[in-house]
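Participant: Predicted model, plus sequence, below.
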Amino acid sequence: MSMEGYKSLFDTLYPSLCLFANKYLNDMDTSEDMVQEVFIKIWEQKIQYVNFNATKSFLYTSVRNRCLDYLKSKYHRSVIQSPDIDFDQMVTEEFFHTQLTIIDTYSQLETAIKQLPNKCEQVIRLSLKAYTNKEIAEELSISKNTVKSQKRIAYDKLRHSLGSLLNIF
């Protein structure tokens, strides 16, 4: 893999992989460390991949395994000792696929929201934070009617971008 290919892969998947790792570790700093370690290992071993989906699958599996190894480690058991961690649940394929689906869905939604016109994006982000139309209007110094029309535009564009994924929300 070329340096440009590696950088593109990193830029594309790093944020989602960190969120995914955090589902296991509940510590974003450590999650970022785990993901960086996986990318470094791939770079050092000069691992080659045929296509993006195979690479993505390999990275998610590698991050999961790295997180589980961390959780099993002597350091984690003796220093952190988190009684709220259900390790038996975390090692299941069901947990892995559930978290992968959540992060992948979030990533698709985030990408679609970033493609909205600026005002639509601002309105939708506040709406997702449970702001009322009135609160959004006050926050952005626009009228309630403008909020409604921006939401309508945003939903139309998101519906087009995300298709059936939007029904989840």
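Facilitator: Happy to help now that I have it. Numbering: from 1, shown residues only.

Participant: which regions of the chain sit below the pLDDT cut-off?
Facilitator: 1-2, 47-50, 74-87, 164-169 (pLDDT under 70).

Participant: so who does Val38 touch?
Facilitator: With contact set as Cβ atoms under 8 Å, 6 or more residues apart in numbering, Val38 has these partners: Leu17, Leu59, Ser62, Val63, Arg66. Yep, even glycine has a C-beta here, placed from its N, CA and C like the rest.

Participant: Inside strands: which ones of those residues?
Facilitator: Taking DSSP state E, every one of the contacts of Val38 sits outside strands.

Participant: And those, which is closest to Tyr106?
Facilitator: Set against Tyr106, the nearest of the contacts of Val38 by Cβ to Cβ is Leu17 (12.1 Å).

Participant: what's around that closest one, how many residues?
Facilitator: Using other Cβ atoms under 10 Å, Leu17 is surrounded by 26 other residues.

Participant: Same check on Arg64?
Facilitator: 24.

Participant: which non-adjacent residue is nearest it?
Facilitator: Nearest non-adjacent residue to Arg64, counting by Cβ to Cβ, 6 or more residues apart in numbering: Phe96, 5.6 Å away.

Participant: In terms of helices and strands, where is the one you found?
Facilitator: According to DSSP states H and E, Phe96 maps onto helix 93-114.

Participant: Please name every helix or strand in contact with that helix.
Facilitator: With contacts taken as 3 or more Cβ pairs under 8 Å, 6 or more residues apart in numbering; DSSP states H and E, helix 93-114 sits against helix 3-25, helix 52-72, helix 118-128, helix 144-162.

Participant: how about TSV for those helices, with distance to Ser31 added?
Facilitator: Converted to TSV, those look like this (distance: least, Cβ to Cβ, whole Å):
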stretch	distance to Ser31
helix 3-25	4
helix 52-72	8
helix 118-128	22
helix 144-162	26
